[in-house]
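Novice: Just to be clear, the model below is a prediction. Sequence and coordinates:
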Amino acid sequence: MYELTICHLYPDLLNLYGDRGNIIALSKRCEWRGIDVKVVHISLNEAFRYEDYDIVFMGGGQDYEQGIIQDDLMNGKRQLIIDAVEANKVFLAICGGFQLLGKYYRTHEGKDIECIGALNLWTHGGDRRLIGNLVFECDFLKHENFNGHVVGFENHSGKTYLGEGIKPLGKVIKGFGNNSEDGFEGAVYKNVFCSYSHGSLLPKNPALADYLITKALLNKYPDFQGLSPLPDSFENRTRESLIKRFTAV
């Protein structure tokens, strides 16, 4: 019997636009395959023992919520999160969580707010919100029966830029992505996957959810042979319908 433990970091503060749905999707897709799943909620002043977790999730939050967790994050969990990333733990970070994993956030006033620094990326506060439906293409999801297209919803004013060693999660087909300039969305480093996609991301995109589950199982069980298929016809029809509607001229 396979087992996975999912850590939801700051679920009471970083859960914008239903980001918790990503935890539900991961849990259910494991349970439907007979994989034991445990979800651990870790918030302020609670120990983060990354060795105990297989997947770590960080959702989005506004500046107010991110300010609340700043001291706890930077003076308590920061190095442990960096260690978890380097230990190849699977991470999914959405919007604010994506930004926090980077080096710094530069405000409109030009002040640099130090972030975790686990990933070589940084964010500048923009003068307009990048908001709307988002479609992007993930090369690592492509196979002969799937085009790798992923659908989500973005709402952010921060513009994120990727440094050396960081790959984009995908190429933007519709929407703004990281910064509305370079045509890329999200970031990938080791087993860390970041995106600006709310909505939630994984229930809309079962192939991406299964990719993360597979990564976590391979990291824990080197002899893991792969996930059994699920009847995803409803989910796939919904995704395809949304993509067709959002990309229509």
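Specialist: Great, that's in hand.

Novice: worst-scoring helix or strand of the chain, pLDDT-wise?
Specialist: helix 63-72 (a mean of 81; mean pLDDT, DSSP states H and E).

Novice: helices or strands up against that one?
Specialist: Helix 63-72 is packed against helix 96-100, with contacts defined by 3 or more Cβ pairs under 8 Å, 6 or more residues apart in numbering; DSSP states H and E. Backbone N, C-alpha and C define where each C-beta goes, glycine included.

Novice: Identify the residues contacting stretch 160-172?
Specialist: For stretch 160-172, the surrounding residues in contact (Cβ atoms under 8 Å, 6 or more residues apart in numbering) are 98-99, 102-103, 119-124, 134-139, 148, 150, 178-179, 182-189, 193-196.

Novice: Among those residues, which ones are in strands?
Specialist: Within the contacts of stretch 160-172, residues falling in strands by DSSP state E are 121-124, 134-137, 150, 184-185, 187-189, 193-195.

Novice: before we move on, the earlier item: any chance of a PyMOL selection covering the buried ones in the contacts of stretch 160-172?
Specialist: This is how PyMOL selects the buried members of the contacts of stretch 160-172, with burial counted by 16 or more other Cβ atoms under 10 Å:
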select buried, resi 98+99+102+103+119+121+122+123+124+134+135+136+137+138+148+150+178+179+184+185+186+187+188+189+193+194+195+196
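
Novice: Distance from stretch 19-27 to the middle of the chain?
Specialist: Computed by Cα atoms, centre = their mean, to the nearest Å, the chain-centroid distance of stretch 19-27 equals 11 Å.

Novice: Extract the C-alpha trace of that stretch and format it as CSV.
Specialist: The C-alpha atoms that make up stretch 19-27 are tabulated as CSV, following Å, rounded to 0.1, in the frame of the first residue of the first chain:
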residue,chain,number,x,y,z
ASP,A,19,-6.8,27.3,-3.6
ARG,A,20,-7.7,24.6,-1.1
GLY,A,21,-9.3,22.8,-4.0
ASN,A,22,-5.9,21.7,-5.0
ILE,A,23,-5.5,19.7,-1.8
ILE,A,24,-8.9,18.1,-2.4
ALA,A,25,-8.0,17.1,-5.9
LEU,A,26,-4.7,15.6,-4.9
SER,A,27,-6.3,13.7,-2.0
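
Novice: In it, which residues are buried?
Specialist: 19, 20, 21, 22, 23, 25, 26, 27.

Novice: Can you give me the separation between the nearest residue to residue 48 once chain neighbours are set aside and residue 131?
Specialist: Excluding its sequence neighbours, the residue lying closest to residue 48 (Cβ to Cβ, 6 or more residues apart in numbering) is residue 77, at 4.6 Å. Using Cβ to Cβ, to the nearest Å, one gets 30 Å for the distance from residue 77 to residue 131.

Novice: Okay, the residue nearest to residue 51 when sequence neighbours are not counted and residue 218: tell me how far apart.
Specialist: Spatially, and ignoring its direct neighbours in sequence, residue 51 is nearest to residue 87 (7.9 Å; Cβ to Cβ, 6+ apart). According to Cβ to Cβ, residue 87 stands 14 Å off from residue 218.
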